[in-house]
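A.B. asks: predicted structure and sequence below. I'll ask about it afterward.
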Amino acid sequence: MATPQTPARPTRAKQKRGEGQWALGYREPLNPNERSKKDDHPLNVRARIENIYAHRGFDAIDPGDLRGRFRWFGLYTQRKPGIDGGRTATLEPEELDDRYLMMRVRTDGGGLTTAQLRLLGELSTDYARDTADITDRQNIQYHWIRIEDVPAIWQRLEEVGLTTMEACGDSPRGMLGSPVAGIAAAEVLDASWALAEIRRRYIGDPKYANLPRKFKTAISGLPDIVHELNDVSFVGVDHPEHGPGLDLWVGGGLSTNPMLAQRLGAWIPLDEVPDVWEAVVSIFRDYGYRRLRSRARLKFLVKDWGVEKFRDVLENEYLKRKLIDGPPPVDPPAPIDHVGVHAQKDGSFYVGAAPIAGRVSGSTLVAVADAAERAGSGRVALTPLQKLVVLDVPADRVDRLKAELAELGLQVDPSPWRRSVMACTGLEFCKLAIVETKARAQELVADLEKSLADINAQLDVPVTVHLNGCPNSCARVQTADIGLKGQIVTDADGRQVEGFQVHLGGGLGLDSGFGRKLRGHKVTSSELTGYVERVVRNYVAERQPGERFAQWAARAEESALQ
């Protein structure tokens with residue numbers, strides 16, 4: 001007799017796991033960072049710093065504040081001295097922590113009065129062992145800060161209109177803007193009002209200070225703000241019917257999953273920029289992925305949605321109106337770093353100078369403020385390429401200012417290498433770093449200025465060299481001509497030493513794209529100068545007239561790149 005068959009169970013479609021998007025109902029914290037923010041809003045940590053930690057000292061700091069909420073006020077623990085890069089990934093956070101803090105001061109758009117610059121220098125000499133770096137976010141960054149001194153530093157900063165609020169953390173961090181806004185002859189419009197208005201309306205508002213991760217903004221009437229690499233960017237364009245306005249980009253970012261921002265094809269008039277910015281950041285807050293930190297940047301949402309859906313949600317759910325279609329910005333042929341002497345609209349000049357990889361000092365900043373005032377200027381600016389610019393200089397005082405800046409190590413007519421080398425914080429202070437970068441950049445520039453002296457004059461097209469201490473790409477290695485990502489590598493004797501993975505031919509603007517990685521090709525730190533020299537000489541020997549490094553690297557034989 002036949003055995004009766006058990007009826008087959010109906011198959012159920014596998015339910016897709018939620019990404020922690022608030023707008024879809026996923027409000028429960030899905031990782032330790034989200035739980036920390038739910039336990040206590042990070043902006044509340046200021047009161048504990050002022051009322052408890054500054055009085056009781058470092059040992060009194062709650063670990064959740066120290067390694068989490070402190071970031072909303074520009075504070076990180078710095079790396080304990082003496083820990084080599086090979087141990088970075090093997091130690092617990094508390095083993096890497098020093099008892100001192102890194103502090104980041106936000107200077108949206110990079111613009112400073114000479115009084116503000118002088119104060120920044122004085123804070124460095126008073127509290128930070130004379131450390132001060134110009135970052136590629138147009139910030140000033142200190143080290144060796146004691147928790148006991150933080151309230152006094154805040155008070156002095158706020159007296160001159162500066163702050164550390166939301167300089168770090170899952171918040172709208174310091175915004176990039178043109179350092180020469182309002183004075184550059186080539187700008188489509190002066191966008192500095194929008195930066196100031198966004199800061200006035202939204203920075204410090206708890207509604208916009210709990211995002212899935214950091215949120216980076218750039219706004220400029222010139223393409224001088226690396227707009228392809230920000231979460232949201234507004235870039236000056238001239239609409240054939242509506243006139244000057246800004247083109248909207250979303251979803252850029254590097255780190256271990258690099259993506260270039262995408263155009264939404266929308267033209268935004270200047271007075272609507274703050275409203276559109278608020279809508280974009282609200283989409284990120286509400287729809288951004290909060291389950292995995294590794295997917296919590298806006299770029300992943302933009303990639304998954306596509307620009308058509310993103311614009312549709314922006315217009316219909318948040319702005320409640322349609323945006324005007326518009327043209328793209330003009331791509332610059334090379335990075336706009338504002339180094340050199342340039343005429344302003346009003347007949348004065350701005351003078352851009354290059355420190356090496358942003359490394360300055362507090363005493364240098366004070367001296368620059370003094371030199372600028374002697375030259376008749378009351379304004380300076382920091383750039384997204386780690387440079388410093390003195391504005392509003394009368395023609396008859398330019399040469400004297402150039403000489404004074406050069407005495408401070410800030411060259412207005414720098415070598416191609418002093419001008420083009422960038423570096424992140426690196427092993428000296430950063431807990432994520434694997435290799436040293438700032439000191440390595442200083443050595444590399446000095447070496448290349450000598451070893452390539454015979455061909456430096458032929459480098460009419462700049463060759464950018466960026467050094468990063470870990471895979472997070474704070475120094476934008478994927479978009480440099482020669483990008484160097486720090487790693488522990490094996491040298492010729494089989495030893496584990498500091499070195500770099502090489503990316504070649506990345507760029508923005510006309511060469512927008514990520515560098516070419518040579519399979520298995522790595523360079524030890526001790527070999528770095530010889531490697532860069534060899535590749536640059538091959539470029540000069542093989543390039544066609546006017547050919548940029550990125551173009552050459554894309555077609556060159558691997559033998560010429562090793």
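C.D. replies: That came through fine.
A.B. asks: how many neighbouring residues does the nearest residue to Gly182 once chain neighbours are set aside have?
C.D. replies: Using C-beta to C-beta, 6 or more residues apart in numbering and skipping the chain neighbours, the partner closest in space to Gly182 is Asp190 (4.2 Å). Yep, even glycine has a C-beta here, placed from its N, CA and C like the rest. Neighbour count of Asp190, defined by other C-beta atoms under 10 Å: 20.
A.B. asks: now do the contacts for Asp190.
C.D. replies: Contact partners of Asp190, counting by C-beta atoms under 8 Å, 6 or more residues apart in numbering, are Ala181, Gly182, Gly221.
A.B. asks: ditto for Tyr202
C.D. replies: Pro172, Tyr208, Pro274, Trp277, Glu278, Val281.
A.B. asks: can I get the residues you listed in TSV including secondary structure, pLDDT and distance to Ser124?
C.D. replies: Listed next are those as TSV, based on DSSP: H, G, I helix; E, B strand; the rest coil; pLDDT from 0 to 100; distance: C-beta to C-beta, whole Å:
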residue	secondary structure	pLDDT	distance to Ser124
Pro172	strand	98	26
Tyr208	helix	98	30
Pro274	helix	98	32
Trp277	helix	99	32
Glu278	helix	98	34
Val281	helix	98	32
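A.B. asks: among those, which one lies nearest to Arg200?
C.D. replies: Compare each of the contacts of Tyr202 with Arg200 using C-beta to C-beta and the shortest gap goes to Pro274, at 8.8 Å.
A.B. asks: got a list of what that closest one touches?
C.D. replies: Ala194, Glu197, Ile198, Arg201, Tyr202.
A.B. asks: which SSE is the first one in?
C.D. replies: Meaning Ala194. helix 192-202 (DSSP states H and E).
A.B. asks: for stretch 22-35, give the mean pLDDT please.
C.D. replies: Average pLDDT, stretch 22-35: 93.
A.B. asks: check the offset of it from the chain's centre.
C.D. replies: 27 Å (C-alpha atoms, centre = their mean, to the nearest Å).
A.B. asks: and it, how far apart are its ends?
C.D. replies: For stretch 22-35, the first-to-last residue distance is 14 Å (C-alpha to C-alpha, to the nearest Å).
A.B. asks: and after the helix or strand hosting Gly352, which helix or strand comes next?
C.D. replies: Assessed by DSSP H and E, Gly352 sits inside strand 349-353. From strand 349-353 onward toward the C-terminus, using DSSP H and E, the following helix or strand is helix 362-374.
A.B. asks: mind checking the end-to-end distance for stretch 410-420?
C.D. replies: Counting by C-alpha to C-alpha: the opening and closing residues of stretch 410-420 are 14 Å apart.
A.B. asks: please disregard the earlier target; I meant stretch 324-336.
C.D. replies: Stretch 324-336 end-to-end distance (C-alpha to C-alpha) = 28 Å.
A.B. asks: may I see the buried residues of it?
C.D. replies: Buried residues in stretch 324-336, counted by 16 or more other C-beta atoms under 10 Å: Gly326, Pro329, Val330, Ala334, Pro335, Ile336.
A.B. asks: before we move on, the earlier item: can you mark which positions in the helix holding Ala194 are buried?
C.D. replies: Applying 16+ other C-beta under 10 Å to helix 192-202 flags Ser192, Trp193, Ala194, Leu195, Ala196, Glu197, Ile198, Arg199, Tyr202 as buried.
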